[in-house]
Structures are given as C-alpha cells and as structure tokens.
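Trainee: Pasting the sequence and the predicted coordinates here, then a few questions.
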Amino acid sequence: MAKPTPANLAALALLALHASSLLTIPPLALNVVVTATAIVYLGCRKGLKLLPGAKAKAAKTKAGPQETVTLSATEAWQFPLYGSLALCGMYALIKVLGKKVLNYILLAYFLGIGLVAVEQLLEAEASRLFKKAARSRKRRGRVVTLPRVIASIAEQTTVDLRLNTLQQVCWGITLILMIGYACTKHWLLNNLIAVALCIGGIESISIGSTRTAALLLALLFVYDVTWVFGTDVMVTVAKGIDGPVKLLFRRSFDDAEKNFSMLGLGDVVVPGLFLALLLRFDVTQKRRGKPFFRSTLLAYACGLALTLYVMFTFDAAQPALLYLVPACLGAAALVGVCRGEFAELAAYSEEEEPLSNGAVSPRKPRAKSPKRAASPKRAASPKRAKSPKRAASPRRSTRIASQ
C-alpha cells in the first residue's frame, strides 16, 4: 500500500472536518486552524507549477500552461487602495439599497467564477484518480469564434469547447453544485466554492519577489487593522454579504447566520501567496526539509490560533492579518538569520526581465553557491617575446643624413 502524502492527508483532514460537521460540532479553534492550514498547504503544493522548469514542461503539453499572474511592487501599492474602494462601494450599497440587491449582484458574479474554480479543482483531482480517462483524446464539441468586442477584452479570438468524457462529467457535477448553491445557499456548498477560489488563487498568482511580498503584507496589515478597528465597514460588509467570500464554521446545529463563525478568504489567500513563494524558494535552492516553508506554515497556524484566542477573550471581531503578518514575516526572517541565508531570501525574485529581443525570462535568484574546491593554479603562460623594432626605412635615414 502506498504511503499517503502530506497533500493527501491535508485533503483528507479538510473533507473529514466538513463531513463531521454534519453529525457533530468539532471544536471551533481546531476546525478553523486545520481547515485554513490545509487549504494553504494544498494551494502551495499546486503553486509549484509556477517554477520555470514546470512552466517549460507545461508549455510542451497539448493543453499548454495555465494562465498565471505575477504581481509587481506597483501593483502591491495599488492592492489596498482598490480593496478599500471596493469595500466602501459595497458598504454604501448595503446602506442605500440593502443587503438583497448587493447579494443578487454578487450571486451572479460568484456563480460564474465559482463554476470555473470548482470545475478546475474537480478536474485536477479526478485526473489523478483516472489517469487513463484524463489522457483520452476523444473529445466532443467545437472551437467557437468570439465576437470582436469580446475577443479584444479576452485577448483571444477563439475558445476551445472540445471536452473529453472526464471533463464533461466534471462540468456536469459542477453545474449541479452551482444550481444547488443558488437555490439553498448551504454553508457546505459555500465552503466548497471558497476552498476552490483560495486554492486557485494561491496556485496561479505569484507575488513576484520576497520584497514585494513583504510590502504587500505590510500594506494589507495596515488595511485590515484600519477597517476593522477604525470603522464598522469591514464587519458590516462581512456580515452583510451572503456569498463565498468567507469560510463558514458551524457552532451549533441551528443554521441561522449568528451560529456560524467566519474567516475571510483574504486571511487565507494573502499569507498563502507568501508561503507559496517560500516553498518555491526552498525548492529552487534544493533545501532538504524545506525549512522556510515549513517554519512559516507552522507560524501561520500559531498566528491563527492566537487570533481566535484574542477573539474569544475579548468577545470582539479581530483582524486576522494583525497576527498573521508578523507571524509569517517574522518566522521567515528568523529562519533566514539563523541559517545565514537572509540575504538570499531578500534577493529571491520570480519577476520576468525583458531581453534584448523583446522576450522575457524569469529572473534568476541570487543564491549563495557552495564554495568550490581549490583548484591548482594554472601555470603562467610564457610571455611573448618582444618583437625587435623595425629598422628605419632607407628613405627616412637618407632624410636624417641630409639634415
């Protein structure tokens, strides 16, 4: 019997906690910490496809590489600004039009992106179990040409709708699940969409570099603290939105809204992006045990547990990033200092550099190369003998004599 991998154990823990919540009420702190940590771990493992070698391998396949996004420092500065604008916009809609109007708008949006995210997650897991069906070349459907307006927005002229049997089954199951969520708004289906969005975001987005990651986490630290402690905007929007923007954790068998604790997806995705970057850093440097990733993942779980402790102690909503950002950045920095590799950590980058011919190539990390064994010095090559000066030409000598 094959030994279960950590990824399989994380997926099993995720399924077991949600299944057990139908029969009993798991301890809230255990449920939240294990669920969030398992989601982050699964997303980080899938995020290894962003490594240059994995990208090159995916490019050779028939399906091609999946679309990925790399954040720059400029986009990191803009992230909290756009987040604040969106937050204020939803707060205004709740106050002016009420929750129902906003929830109808968001329902259509989340059904669309949830359909894609859940299908990709189901197809990826089904392809591992049914490898022969996943490799099948028997496809049904056709290639659709997009109208000019849509093609200019999507930056592609056609969409390939040819699917094999496994893909058709996954799309059918996902469609049924989305219809079920639209009709019932069940918390299990909410969490299914939320988990798919979290894993999809972590595996397809790269923060770019550790410096950009530190900047983004610091800015979102201020963003989260300001909107939670400074105003009632964040709490009002979180409680007013009835959609998969949060993970729900049951506290009793009564499915009323007040009997659920919630964890925002940003508290999973944002630290998850940083952890995925650290995992790729460990893999790139070929470190045994992946010390940066594992230490920071443990710090993330401890920071989340501390958040719950403070929340229960003071009986007030807490901005999770207030505890998660120092825990993650501090753990990564501490490991770097203890191992003498802080400079390599700070210099690591996945951003693409432009080449002379207009193409781009991933920037290579500035890793400390192991010292080479001293090689014997090469024998000094004999210097070339100086060539004798050319004798003065007869004409020149004649001129000198005549002078």
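Mentor: Okay, I see it. Residues are numbered from 1 along each chain as shown.
Trainee: who touches the nearest residue to T70 once chain neighbours are set aside in this structure?
Mentor: Counting by C-beta to C-beta, 6 or more residues apart in numbering, T70 lies nearest to S206, which is 4.6 Å off, once chain neighbours are set aside. Where you see a C-beta, it was placed from the backbone N, CA and C, and this is true even at glycine. Neighbour list for S206: G47, L50, T68, V69, T70, L71, L273, A276, L277, E350 [criterion: C-beta atoms under 8 Å, 6 or more residues apart in numbering].
Trainee: and K377, what pLDDT?
Mentor: Model confidence at K377, given as pLDDT, is 47.
Trainee: begin at 258 from here
Mentor: Fine by me, first position is 258 from now on; the one you just mentioned is K634.
Trainee: How many residues are close by V490?
Mentor: Other residues lying near V490 total 18 when counted by other C-beta atoms under 10 Å.
Trainee: ok now do the nearest residue to V490 once chain neighbours are set aside, which residues does it touch?
Mentor: Take V490 and drop its neighbours on the chain: the residue closest to it by C-beta to C-beta, 6+ apart is Y348, 4.8 Å away. Going by C-beta under 8 Å, 6+ apart, Y348 touches V490, T493, V494.
Trainee: Now with 10 Å, please.
Mentor: With contact set as C-beta atoms under 10 Å, 6 or more residues apart in numbering, Y348 has these partners: L359, W484, T488, D489, V490, M491, T493, V494, G497.
Trainee: Residue ranges in this structure under the pLDDT threshold?
Mentor: The model of the chain has pLDDT under 70 over residues 258-259, 310-324, 411, 512-515, 609-660.
Trainee: middle-most residue in the chain, spatially?
Mentor: In the chain, the residue lying closest to the centroid (C-alpha atoms, centre = their mean) is I459, at 2.2 Å.
Trainee: surely it meets K306?
Mentor: No - the criterion here is C-beta atoms under 10 Å, and I459 misses it with K306 at 11.3 Å.
Trainee: and stretch 433-443, which residues are buried?
Mentor: For stretch 433-443, the neighbour count (16 or more other C-beta atoms under 10 Å) marks L434, M435, Y438 as buried.
Trainee: Save these as CSV, and put in secondary structure and distance to A286 too.
Mentor: As requested, the buried residues of stretch 433-443 are arranged in CSV below (DSSP: H, G, I helix; E, B strand; the rest coil; distance: C-beta to C-beta, whole Å):
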residue, secondary structure, distance to A286
L434, helix, 29
M435, helix, 31
Y438, helix, 27
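Trainee: which one of these sits closest to D524?
Mentor: Among these, Y438 lies closest to D524 (C-beta to C-beta), at 22.0 Å.
Trainee: Which SSE is immediately downstream of the host helix or strand of C559?
Mentor: Per DSSP states H and E: C559 is located in helix 548-571. Downstream of helix 548-571, the first helix or strand assigned by DSSP H and E is helix 578-595.
Trainee: buried residues in that next one?
Mentor: Result for helix 578-595 [16+ other C-beta under 10 Å]: buried residues 578-582, 584-586, 588-590, 592-593.
Trainee: and the two most separated of those?
Mentor: L579 and G593 (22.9 Å).
Trainee: for the helix ranked longest in the chain, packing partners?
Mentor: Longest helix in the chain by number of residues (criterion: DSSP state H): helix 356-386. On a contact count with 3 or more C-beta pairs under 10 Å, 6 or more residues apart in numbering; DSSP states H and E, helix 356-386 meets helix 263-277, helix 285-303, helix 330-353, helix 388-391, helix 422-441, helix 444-461, helix 490-497.
Trainee: Flag every buried residue along that helix.
Mentor: 359-360, 363-364, 367-368, 371-372, 374-380, 383.
Trainee: And stretch 270-280, by the same measure?
Mentor: L271, L274, H275, S278.
Trainee: Now render those residues as a markdown table, adding distance to S509.
Mentor: A markdown table is the format used below for the buried residues of stretch 270-280 (distance: C-beta to C-beta, whole Å):
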| residue | distance to S509 |
| --- | --- |
| L271 | 21 |
| L274 | 16 |
| H275 | 16 |
| S278 | 11 |
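Trainee: quick one: which of those residues is nearest to N516?
Mentor: S278 (11.9 Å).
Trainee: If you drop the residues flanking it in sequence, what lies closest to that closest one?
Mentor: Among residues not flanking S278 along the chain, R507 sits closest, at 4.9 Å (C-beta to C-beta, 6+ apart).
Trainee: Could you pull up the contacting residues of the residue nearest to the centre of the chain?
Mentor: Contacts of I459 (C-beta under 10 Å, 6+ apart): 296-304, 525-533.
Trainee: Separate out the buried members of those.
Mentor: Buried among those by 16+ other C-beta under 10 Å: 296-304, 525-533.
Trainee: Number of residues surrounding the nearest residue to V567 once chain neighbours are set aside?
Mentor: In space, and not counting its chain neighbours, V567 is closest to Q575: 5.4 Å by C-beta to C-beta, 6+ apart. Counted with other C-beta under 10 Å, the neighbours of Q575 add up to 20.
Trainee: quick one: Q575 from A604, how far?
Mentor: Computed as C-beta to C-beta, to the nearest Å, the Q575 to A604 distance reads 34 Å.
Trainee: Could you do A533 as well?
Mentor: Noted for A533: a distance of 18 Å to A604, by C-beta to C-beta.
Trainee: for L379, same thing?
Mentor: The value you get for L379 to A604, if C-beta to C-beta is used, is 39 Å.
Trainee: now the longest helix of the chain against helix 263-277, angle please.
Mentor: Interaxial angle, helix 356-386 versus helix 263-277 (axes from the mean of the first three to the mean of the last three C-alpha atoms, to 10 degrees): 130 degrees.
Trainee: Please state the offset of helix 356-386 from the chain centre?
Mentor: 17 Å (C-alpha atoms, centre = their mean, to the nearest Å).
Trainee: Then stretch 499-515?
Mentor: In terms of C-alpha atoms, centre = their mean, the centre of stretch 499-515 is found 25 Å from the chain centre.
Trainee: I appreciate the help and will end here.
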